[in-house]
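Undergrad: Give the three-dimensional model of this entry:
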Amino acid sequence: MNKFLFAIAALLLSLPVMAQKPASKPKAASAATEVNDPKAKTILDKISKKYDSYASLEASFNLEIELAEQAKEVQKGAVARKGKQYKVDVNSQSMLSDGKALWVILHKNKEVQINDLPDPKDDDNLLSPESIFSFYKKGKFIYALVNDYTENGRALQQIEFKPIDKNSEYSKLRLTLDKKTYEVISVKAFSKDGSRYTFAITKLTPNKTFAANYFTFDKAKYPGYHVEDLRE
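TA: Residues are numbered from 1 along each chain as shown. The predicted structure follows:
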(Lines give C-alpha, C1' and ligand atoms only; values in the text may rest on other atoms or scores of the structure.)
Protein backbone atom coordinates (compact mmCIF):
# COMPACT_ATOMS: atom_id res chain seq x y z
CA MET A 1 0.00 0.00 0.00
CA ASN A 2 1.34 3.39 -0.93
CA LYS A 3 1.44 5.22 2.41
CA PHE A 4 1.57 8.60 0.67
CA LEU A 5 -1.66 7.79 -1.13
CA PHE A 6 -3.69 7.90 2.06
CA ALA A 7 -1.49 10.18 4.13
CA ILE A 8 -2.49 13.23 2.14
CA ALA A 9 -6.17 12.34 2.20
CA ALA A 10 -5.93 11.75 5.92
CA LEU A 11 -4.45 15.20 6.39
CA LEU A 12 -7.96 16.59 6.03
CA LEU A 13 -8.89 14.59 9.11
CA SER A 14 -6.19 16.29 11.16
CA LEU A 15 -7.35 19.88 10.67
CA PRO A 16 -8.80 20.30 14.17
CA VAL A 17 -5.38 19.68 15.73
CA MET A 18 -3.33 21.88 13.42
CA ALA A 19 -3.47 24.86 15.74
CA GLN A 20 -2.12 23.30 18.90
CA LYS A 21 0.55 25.09 20.92
CA PRO A 22 3.55 26.12 18.83
CA ALA A 23 6.29 23.53 18.72
CA SER A 24 8.93 23.94 21.37
CA LYS A 25 12.24 25.30 20.24
CA PRO A 26 13.82 22.49 18.20
CA LYS A 27 17.02 20.93 19.44
CA ALA A 28 18.48 20.15 16.05
CA ALA A 29 21.35 22.49 15.27
CA SER A 30 20.14 23.08 11.70
CA ALA A 31 16.79 24.40 12.95
CA ALA A 32 17.81 25.79 16.32
CA THR A 33 16.77 29.34 15.55
CA GLU A 34 13.43 28.52 13.92
CA VAL A 35 10.05 28.93 15.60
CA ASN A 36 6.51 28.71 14.32
CA ASP A 37 5.22 31.79 12.48
CA PRO A 38 2.62 33.65 14.63
CA LYS A 39 0.71 34.68 11.49
CA ALA A 40 0.46 31.06 10.41
CA LYS A 41 -0.59 30.08 13.92
CA THR A 42 -3.46 32.60 13.82
CA ILE A 43 -4.66 31.24 10.49
CA LEU A 44 -4.45 27.65 11.69
CA ASP A 45 -6.43 28.55 14.78
CA LYS A 46 -9.22 29.84 12.55
CA ILE A 47 -9.09 26.77 10.30
CA SER A 48 -9.16 24.57 13.38
CA LYS A 49 -12.17 26.39 14.83
CA LYS A 50 -14.05 26.06 11.54
CA TYR A 51 -13.44 22.36 11.00
CA ASP A 52 -13.65 21.42 14.66
CA SER A 53 -17.19 22.80 14.69
CA TYR A 54 -18.25 20.03 12.31
CA ALA A 55 -19.60 16.91 14.00
CA SER A 56 -18.69 15.03 10.84
CA LEU A 57 -17.70 15.69 7.26
CA GLU A 58 -17.47 14.11 3.84
CA ALA A 59 -15.27 15.31 1.01
CA SER A 60 -14.58 14.40 -2.59
CA PHE A 61 -11.04 14.98 -3.78
CA ASN A 62 -8.53 14.60 -6.57
CA LEU A 63 -5.16 13.06 -5.80
CA GLU A 64 -2.40 14.11 -8.18
CA ILE A 65 0.65 11.84 -8.15
CA GLU A 66 3.93 12.96 -9.70
CA LEU A 67 6.75 10.40 -9.76
CA ALA A 68 10.15 10.82 -11.35
CA GLU A 69 10.25 9.90 -15.03
CA GLN A 70 6.58 8.92 -15.03
CA ALA A 71 3.49 10.56 -16.43
CA LYS A 72 1.40 12.50 -13.94
CA GLU A 73 -1.49 10.47 -12.56
CA VAL A 74 -4.75 11.86 -11.18
CA GLN A 75 -7.04 9.72 -9.04
CA LYS A 76 -10.45 10.61 -7.66
CA GLY A 77 -11.55 9.64 -4.19
CA ALA A 78 -13.63 10.40 -1.13
CA VAL A 79 -12.98 10.73 2.57
CA ALA A 80 -15.43 10.70 5.48
CA ARG A 81 -14.81 11.48 9.14
CA LYS A 82 -16.75 11.33 12.37
CA GLY A 83 -14.68 11.76 15.51
CA LYS A 84 -11.83 9.23 15.35
CA GLN A 85 -13.70 7.12 12.82
CA TYR A 86 -12.91 7.56 9.15
CA LYS A 87 -13.19 6.05 5.72
CA VAL A 88 -11.02 6.74 2.69
CA ASP A 89 -11.76 5.47 -0.84
CA VAL A 90 -9.38 6.06 -3.71
CA ASN A 91 -8.66 4.12 -6.87
CA SER A 92 -9.00 0.40 -6.04
CA GLN A 93 -8.21 0.69 -2.35
CA SER A 94 -10.14 1.66 0.76
CA MET A 95 -9.32 2.28 4.39
CA LEU A 96 -11.85 1.98 7.17
CA SER A 97 -11.40 2.66 10.87
CA ASP A 98 -13.89 2.47 13.70
CA GLY A 99 -11.35 4.14 15.99
CA LYS A 100 -10.18 0.78 17.35
CA ALA A 101 -8.69 -1.00 14.33
CA LEU A 102 -7.83 -0.29 10.70
CA TRP A 103 -9.14 -2.27 7.73
CA VAL A 104 -7.23 -1.95 4.46
CA ILE A 105 -9.36 -3.22 1.58
CA LEU A 106 -7.57 -4.12 -1.67
CA HIS A 107 -10.34 -4.55 -4.22
CA LYS A 108 -8.21 -5.80 -7.13
CA ASN A 109 -6.74 -8.56 -4.99
CA LYS A 110 -10.03 -9.18 -3.16
CA GLU A 111 -8.14 -8.97 0.09
CA VAL A 112 -8.77 -7.30 3.45
CA GLN A 113 -6.00 -6.65 5.96
CA ILE A 114 -6.92 -5.90 9.56
CA ASN A 115 -4.30 -3.81 11.35
CA ASP A 116 -3.75 -2.21 14.71
CA LEU A 117 -4.00 1.56 14.55
CA PRO A 118 -0.55 3.05 13.88
CA ASP A 119 1.28 4.06 17.04
CA PRO A 120 1.33 7.90 17.12
CA LYS A 121 4.67 7.66 18.96
CA ASP A 122 6.27 5.85 16.04
CA ASP A 123 8.11 8.31 13.82
CA ASP A 124 7.79 5.92 10.88
CA ASN A 125 4.04 6.46 11.07
CA LEU A 126 4.23 10.23 11.32
CA LEU A 127 1.74 10.75 8.51
CA SER A 128 -0.31 7.60 8.92
CA PRO A 129 -4.10 8.04 9.02
CA GLU A 130 -4.20 7.60 12.79
CA SER A 131 -1.13 9.50 14.04
CA ILE A 132 -1.87 12.41 11.73
CA PHE A 133 -4.60 13.43 14.15
CA SER A 134 -1.91 14.52 16.59
CA PHE A 135 1.46 14.73 14.88
CA TYR A 136 1.55 18.54 15.08
CA LYS A 137 1.54 18.26 18.85
CA LYS A 138 4.84 16.41 18.70
CA GLY A 139 6.80 19.51 17.69
CA LYS A 140 8.42 17.82 14.70
CA PHE A 141 7.39 20.48 12.15
CA ILE A 142 8.00 24.21 11.87
CA TYR A 143 5.28 26.06 9.98
CA ALA A 144 5.10 29.49 8.37
CA LEU A 145 2.91 31.61 6.11
CA VAL A 146 4.83 31.69 2.83
CA ASN A 147 2.41 33.14 0.29
CA ASP A 148 -0.54 35.53 0.17
CA TYR A 149 -1.89 36.02 -3.34
CA THR A 150 -4.91 36.22 -5.66
CA GLU A 151 -5.71 33.64 -8.31
CA ASN A 152 -8.70 33.90 -10.66
CA GLY A 153 -10.16 36.59 -8.40
CA ARG A 154 -9.85 34.42 -5.30
CA ALA A 155 -7.70 35.44 -2.34
CA LEU A 156 -5.48 32.55 -1.30
CA GLN A 157 -2.82 31.83 1.31
CA GLN A 158 -0.23 29.11 1.68
CA ILE A 159 1.35 27.68 4.81
CA GLU A 160 4.34 25.36 4.65
CA PHE A 161 5.34 22.75 7.21
CA LYS A 162 8.99 21.74 7.37
CA PRO A 163 10.17 18.71 9.35
CA ILE A 164 12.77 19.46 11.98
CA ASP A 165 14.40 16.07 11.53
CA LYS A 166 16.84 16.40 8.66
CA ASN A 167 16.48 12.65 8.02
CA SER A 168 12.74 12.90 7.38
CA GLU A 169 11.56 11.49 4.05
CA TYR A 170 9.54 14.68 3.57
CA SER A 171 11.11 17.99 2.66
CA LYS A 172 7.89 19.91 3.30
CA LEU A 173 4.10 19.98 3.21
CA ARG A 174 2.21 22.90 1.66
CA LEU A 175 -1.34 23.84 2.65
CA THR A 176 -3.36 26.16 0.39
CA LEU A 177 -6.50 27.78 1.76
CA ASP A 178 -9.16 30.33 0.92
CA LYS A 179 -8.19 33.51 2.78
CA LYS A 180 -11.80 34.66 3.18
CA THR A 181 -13.54 31.44 4.22
CA TYR A 182 -10.59 29.53 5.76
CA GLU A 183 -11.52 26.50 3.71
CA VAL A 184 -8.71 24.15 2.78
CA ILE A 185 -8.23 23.93 -0.97
CA SER A 186 -5.29 21.58 -1.26
CA VAL A 187 -2.40 19.93 0.52
CA LYS A 188 0.82 19.05 -1.29
CA ALA A 189 3.50 16.73 0.07
CA PHE A 190 7.06 16.97 -1.21
CA SER A 191 9.11 13.81 -0.81
CA LYS A 192 12.90 13.96 -0.87
CA ASP A 193 12.98 11.36 -3.64
CA GLY A 194 11.35 13.91 -5.95
CA SER A 195 7.82 12.55 -5.68
CA ARG A 196 4.96 15.01 -5.29
CA TYR A 197 1.45 14.25 -4.03
CA THR A 198 -1.31 16.87 -4.21
CA PHE A 199 -4.62 16.35 -2.43
CA ALA A 200 -7.22 18.83 -3.73
CA ILE A 201 -10.72 19.04 -2.26
CA THR A 202 -13.42 19.28 -4.92
CA LYS A 203 -16.50 19.13 -2.68
CA LEU A 204 -16.96 19.33 1.08
CA THR A 205 -20.12 18.41 2.97
CA PRO A 206 -19.96 19.31 6.68
CA ASN A 207 -22.14 17.65 9.34
CA LYS A 208 -22.98 14.72 7.11
CA THR A 209 -25.25 12.11 8.67
CA PHE A 210 -23.83 8.59 8.51
CA ALA A 211 -25.51 5.29 9.33
CA ALA A 212 -24.58 3.84 12.71
CA ASN A 213 -22.47 1.10 11.09
CA TYR A 214 -20.94 3.25 8.34
CA PHE A 215 -17.43 3.03 9.80
CA THR A 216 -17.72 -0.62 10.82
CA PHE A 217 -16.30 -3.39 8.65
CA ASP A 218 -18.92 -5.88 7.48
CA LYS A 219 -17.46 -9.02 5.91
CA ALA A 220 -20.79 -9.78 4.25
CA LYS A 221 -20.26 -6.78 1.97
CA TYR A 222 -17.09 -8.35 0.55
CA PRO A 223 -17.98 -11.86 -0.60
CA GLY A 224 -15.02 -13.82 -1.86
CA TYR A 225 -12.49 -11.51 -0.17
CA HIS A 226 -9.70 -13.09 1.84
CA VAL A 227 -9.51 -11.50 5.30
CA GLU A 228 -6.17 -11.55 7.08
CA ASP A 229 -5.84 -10.35 10.66
CA LEU A 230 -2.42 -8.74 11.10
CA ARG A 231 -3.07 -7.37 14.57
CA GLU A 232 -0.58 -8.27 17.28
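
Undergrad: where do the strands sit along the chain?
TA: Ranges of strands in the chain, per DSSP state E, are 57-66, 73-82, 85-90, 93-97, 101-106, 111-116, 141-151, 154-163, 170-178, 184-191, 196-206, 226-229.

Undergrad: which stretches of this protein have low pLDDT?
TA: 1-33, 118-139 (pLDDT under 70).

Undergrad: Any chance of the strands of the chain in a markdown table with distance to D45 and mean neighbour count as columns?
TA: For the C-beta atoms, the positions are set from N, CA and C on the backbone; glycine is no exception. Shown next, in a markdown table, are these (distance: least, C-beta to C-beta, whole Å; neighbours: other C-beta atoms under 10 Å):
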| stretch | distance to D45 | mean neighbour count |
| --- | --- | --- |
| strand 57-66 | 19 | 18 |
| strand 73-82 | 20 | 18 |
| strand 85-90 | 23 | 21 |
| strand 93-97 | 27 | 21 |
| strand 101-106 | 30 | 19 |
| strand 111-116 | 32 | 16 |
| strand 141-151 | 12 | 15 |
| strand 154-163 | 12 | 18 |
| strand 170-178 | 13 | 18 |
| strand 184-191 | 14 | 20 |
| strand 196-206 | 18 | 17 |
| strand 226-229 | 41 | 11 |
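
Undergrad: quick one: contacts for the nearest residue to E228 once chain neighbours are set aside?
TA: Using C-beta to C-beta, 6 or more residues apart in numbering and skipping the chain neighbours, the partner closest in space to E228 is Q113 (5.5 Å). Residues near Q113 by C-beta atoms under 8 Å, 6 or more residues apart in numbering: W103, V104, L106, E228, L230.

Undergrad: Against K162, how distant is Q113?
TA: 33 Å (C-beta to C-beta, to the nearest Å).

Undergrad: quick one: D229 and I114 touch, right?
TA: Yes - the pair D229 / I114 is scored as a contact, 4.6 Å apart, by C-beta atoms under 8 Å.

Undergrad: Of the contacts of Q113, just say which sits nearest to K39.
TA: Among the contacts of Q113, V104 lies closest to K39 (C-beta to C-beta), at 38.5 Å.

Undergrad: how about the longest helix along the chain: buried residues?
TA: When the chain is parsed with DSSP state H, its longest helix is helix 38-52. Residues of helix 38-52 classed as buried by neighbour count (16 or more other C-beta atoms under 10 Å): A40, K41, I43, L44, I47, S48, K50, Y51.
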